[in-house]
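> turn this into a model:
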Amino acid sequence: MTTRTLKILLAASVALNLFAATAFLTVAVTRPKVEERVEQQRGPGGRPPAWEVVQSVDPEVQQTVRAAMRASALAARPDFEEARTLRRQAVQAVAAPDYDAAAVRSLLERSRTAELRGRARLEDDSLALFETLTPADRAALAPILSRNGPRGRGGGRGRGEGRDQKPPMP
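Numbering: from 1, shown residues only. Have a look, this model is predicted:
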């Protein structure tokens, strides 16, 4: 091996070691922050996410619950999509040059009504599902009825909504 080859290998080794050290330090420093953020997302009282709650029951019951929840979510989806569409229309109407407060108020009211209709459907379907379960399974799955889901904690920003908006000026 020539001196030039050894120098190149030494430089590559140093660069690789620096990269590895940086990666290790980044993980060591950010891991507690990530764990803290996950705990915060669980909401008040450390309520686990719905999928985690469902995992606490027997696999046979899990399949039934997942299928029922999926069907309920699919049935309620049009209501939630309507609510989001109406809310977007309200935002656009506020930004329009010919602002009409009554029209915006109507759009927001219709949006809330659609969202409440979707929530009611999810809750009613959950109650119908609970009627088919044992008392122990009902008790284990009761936290599903908690209102704050993924969007309840994130203000609706988890799916791209509001990301392109500027923060309000003080």
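
> please enumerate the helices of the protein.
Assigned by DSSP state H, the helices in the chain fall at 3-41, 50-54, 59-95, 101-130, 135-141, 150-154.

> which other helices and strands contact the first one?
When contacts are defined as 3 or more CB pairs under 8 Å, 6 or more residues apart in numbering; DSSP states H and E, helix 3-41 packs onto helix 150-154. No exception for glycine: its C-beta is placed from N, CA and C like everyone else's.

> swap in the third one?
For helix 59-95, the packing partners by 3+ CB pairs under 8 Å, 6+ apart come out as helix 50-54, helix 101-130.

> one more time with 6 Å
helix 101-130 (3 or more CB pairs under 6 Å, 6 or more residues apart in numbering; DSSP states H and E).

> would you mark the buried spots in the helix it packs on?
For helix 101-130, the neighbour count (16 or more other CB atoms under 10 Å) marks 104, 107-108, 110-111, 114-115, 118-119, 121-122, 125-126, 129-130 as buried.

> now stretch 62-69
Result for stretch 62-69 [16+ other CB under 10 Å]: buried residues Gln62, Thr64, Val65, Ala68, Met69.

> starting at the chain centroid, how far to stretch 138-149?
16 Å (CA atoms, centre = their mean, to the nearest Å).

> buried residues in that stretch?
For stretch 138-149, the neighbour count (16+ other CB under 10 Å) marks Ala140, Leu141, Ile144 as buried.

> and stretch 79-96, by the same measure?
Within stretch 79-96, the residues that count as buried by 16+ other CB under 10 Å are Asp79, Phe80, Glu82, Ala83, Arg84, Leu86, Arg87, Gln89, Ala90, Ala93.

> so the second one touches Gly118, yeah?
The one in question is Phe80. Yes - judged on CB atoms under 6 Å, Phe80 makes contact with Gly118 at a distance of 4.6 Å.

> low-confidence ranges, the chain, go.
By pLDDT under 70, the weakly predicted segments of the chain are 38-48, 147-170.

> so what's Asn17 up against?
Contact partners of Asn17, counting by CB atoms under 6 Å, 6 or more residues apart in numbering, are absent.

> if we can go back for a sec, redo the buried residues of stretch 79-96 as JSON lines? Include distance to Ala21.
Below are the buried residues of stretch 79-96 laid out as JSON lines (distance: CB to CB, whole Å):
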{"residue": "Asp79", "distance to Ala21": "52"}
{"residue": "Phe80", "distance to Ala21": "47"}
{"residue": "Glu82", "distance to Ala21": "53"}
{"residue": "Ala83", "distance to Ala21": "49"}
{"residue": "Arg84", "distance to Ala21": "46"}
{"residue": "Leu86", "distance to Ala21": "52"}
{"residue": "Arg87", "distance to Ala21": "48"}
{"residue": "Gln89", "distance to Ala21": "52"}
{"residue": "Ala90", "distance to Ala21": "51"}
{"residue": "Ala93", "distance to Ala21": "54"}
